[in-house]
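Participant: coords please:
(one chain, ligands or ions: 1)
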Amino acid sequence: GACAAACSNGSITIGENGVVINRETCGACLACANACPAHALSAEGTVYTTDELLTTVLRDKHYFDTSGGGVTLSGGEPLAQHEFLMEFLAAAKRARLHVTLETCGYSERFAEVLPYVDLLYFDVKHPDSAAHREKTGAGNELILANLACAVRAGVPTVARIPVIPGFNDGKGLWPAYTALLKEAGVSAAHLLPFHQLGQEKYRGHGLAYAYDGVPPLQKEALDKMKEYFENAGIAAQIGG
Ligand code: SF4
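Facilitator: Numbers count the residues shown, from 1 in each chain. Here you go, the predicted model:
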């Protein structure tokens, strides 16, 4: 196909089941996507300059001002583009936008964003560092230090817990969860039930999806988790 011909790395072969991309050698140049006449391969996302993004956001400024809303920086992971993020945050501050940052909190330079953020949605994936490392590739020490740092800096912070079957949904973890949130000074949590919406993204990137066929969590289990958190003094809601 046109994609294989366009790839100067030789990363594409056409097999019996269609296009196979060798992710080890792929340089993400997107020549294959640009060459594909049927758009079967396509690039995700849009490249913006800070000014372009701010201009786009400011189109809704009147709505933000009248509704009490603002802009939410999410992802992916906004902190993965630190320089761009800092530029945009400074511009958003000058434009008097309310900014919510949704983050995994894993950055050595996390404290730099805090003066520009009005609300933090902060992922706390697992209270145990070894379990956190096993599934995400990194321990949670830096993340928890950043969480406490945000609270100390006075940024309103909501912990976001993606509740994932077999990973962090066991009630044996609830005491550790609530203890670490209280120690960090966090008083609100969103319990985000596991869903299958990521499945197609994994497929699109040619990645195996570890939670294929895993059923959604039972509402009763989440209700009990919420109740436990609330009894421990953490205002909890399911979803968010
Ligand atoms: S994005 Fe990867 S597979 Fe596609 S042309 Fe570039 S190197 Fe080859």
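Participant: now do the SS call for His62.
Facilitator: helix (DSSP: H, G, I helix; E, B strand; the rest coil).
Participant: how about the residues of the protein that lie near the ligand?
Facilitator: 6-7, 9, 11-12, 21, 26-32 (C-beta under 6 Å from any ligand atom). Yep, even glycine has a C-beta here, placed from its N, CA and C like the rest.
Participant: run the last query once more with 8 Å
Facilitator: Contacts of the chain with the ligand, taken as C-beta under 8 Å from any ligand atom, map to 3, 6-12, 21-22, 25-33, 35, 41.
Participant: derive a ChimeraX selection command for the buried subset of these.
Facilitator: Buried subset of these, written as a ChimeraX selection, criterion 16 or more other C-beta atoms under 10 Å:
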select :3,6,7,11,12,21,31,32,33,41
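Participant: quick one, what contacts the nearest residue to Leu119 once chain neighbours are set aside?
Facilitator: With C-beta to C-beta, 6 or more residues apart in numbering as the criterion, Leu119 has its nearest non-adjacent residue at 4.3 Å, and that residue is Thr100. Listed by C-beta atoms under 8 Å, 6 or more residues apart in numbering, the contact partners of Thr100 are Gly70, Val71, Thr72, Leu73, Val117, Asp118, Leu119, Leu120, Tyr121.
Participant: quick check: the fourth one touching Leu101?
Facilitator: Which is Leu73. Yes: the pair Leu73 / Leu101 is scored as a contact, 5.0 Å apart, by C-beta atoms under 8 Å.
Participant: those two: which is more packed in?
Facilitator: Neighbour count, other C-beta atoms under 10 Å: between Leu73 and Leu101, Leu101 has more, with 27 against 22.
Participant: CA atoms only for the helix or strand of the chain with the lowest mean pLDDT, dumped as CSV, please.
Facilitator: In the chain, the helix or strand scored least confidently by mean pLDDT, DSSP states H and E is helix 199-204, which has a mean of 76. What follows is helix 199-204, C-alpha atoms only, in CSV (Å, rounded to 0.1, in the frame of the first residue of the first chain):
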residue,chain,number,x,y,z
GLN,A,199,-10.2,-0.1,24.4
GLU,A,200,-10.4,1.4,21.0
LYS,A,201,-7.5,3.7,21.6
TYR,A,202,-5.3,0.8,22.5
ARG,A,203,-6.4,-1.0,19.3
GLY,A,204,-5.7,2.1,17.3
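Participant: so which elements touch that helix?
Facilitator: If you count contacts as 3 or more C-beta pairs under 8 Å, 6 or more residues apart in numbering; DSSP states H and E, helix 199-204 packs onto no helix or strand.
Participant: so what touches it?
Facilitator: With contacts defined as C-beta under 8 Å, 6+ apart, helix 199-204 is touched by Glu44, Ala208, Tyr209, Tyr211, Asp212.
Participant: can you list the domains in this structure?
Facilitator: 2-35, 50-238 (automatic domain parsing).
Participant: element containing Val20?
Facilitator: strand 18-21 (DSSP states H and E).
Participant: export the helix or strand just after that strand as CSV, just CAs?
Facilitator: Where DSSP H and E defines the elements, the next helix or strand beyond strand 18-21 is helix 31-35. What follows is the C-alpha trace of helix 31-35 in CSV, where atoms were taken according to Å, rounded to 0.1, in the frame of the first residue of the first chain:
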residue,chain,number,x,y,z
ALA,A,31,4.3,10.0,6.4
CYS,A,32,2.2,6.9,6.2
ALA,A,33,-0.9,8.6,7.5
ASN,A,34,-0.4,11.5,5.1
ALA,A,35,0.0,9.1,2.2
